[in-house]
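*Asks:* give me a 3D structure for the following:
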Amino acid sequence: MSSYKARVEYSITTANTLTFNFPFSYLKKIFIGVKIRDSANKETTLTYGTDYTVNDLTITLVSAPAVGTTLIIYRQTATDKIVSWNDGSILLAADMNVENVQMLHLQEEQQDYLTANSIATKETTGNEVVWDGNGKRLTDLADPTEEQDAVTKHYMESVQDGFVVANNQIKSDVANMQADVKSRQSDVTARQSD
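*Replies:* Reported below is the predicted structural model:
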């Protein structure tokens, strides 16, 4: 599994668990987000203060997630300035640190988002580099035109009178031939016994 800096995922295997820990810092509690992903890869975003609360490095849910789902805790820092600078104001190290941490958090969250939500390459155990879709569907693809293009479901079902239709016809023809052979064998056996 990928290593995240501002995200942690829990596979829910036990019912009625309400508290979960996370290992990353944050500037404000409201920047901690929670989602639940079901077995069909559909995600539901929970609302801070309504569906969960944050205390130190722990979230507490109001309702326990169902067994078989995935709980995702992530940091989503606001892009609005947390520290405002004014001409002639005193430059405080604490303010500068907050601004630096905000920029660092935004960069980490961007990297985590790309890792969690984009198609990326990965290396297999046989040192082959492959594209990894992270278990998600590809949508809005065109039908193939070149030899090495990916094939869509639409193309498979429509090419040459329909790939699926043609295979079903072959299957039906084979079944009919097998039934015909059995019928002929029965006729031969019946004649031999006469």
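*Asks:* ok so Q110 is a helix residue?
*Replies:* Yes - Q110: assigned to a helix according to DSSP: H, G, I helix; E, B strand; the rest coil.
*Asks:* so what's it scoring on pLDDT?
*Replies:* Here, the pLDDT recorded for Q110 equals 91.
*Asks:* same question for R75.
*Replies:* Per-residue pLDDT puts R75 at 95.
*Asks:* now the chain, which segments are flagged as low pLDDT?
*Replies:* 1-3, 160-163, 194 (pLDDT under 70).
*Asks:* can you point me to the longest helix in it?
*Replies:* helix 163-193 (DSSP state H).
*Asks:* packing partners for that one?
*Replies:* In terms of contacts (3 or more Cβ pairs under 8 Å, 6 or more residues apart in numbering; DSSP states H and E), helix 163-193 is packed against helix 153-158. The way it works is simple: take the backbone N, C-alpha and C, and place the C-beta from them, glycine included.
*Asks:* helices or strands up against the helix it packs on?
*Replies:* helix 163-193.
*Asks:* excluding chain neighbours, what is closest to Y74?
*Replies:* R7 (4.2 Å; Cβ to Cβ, 6 or more residues apart in numbering).
*Asks:* which residues does the one you found contact?
*Replies:* R7 sits next to F24, I72, I73, Y74, R75, D112, A116 when contact means Cβ atoms under 8 Å, 6 or more residues apart in numbering.
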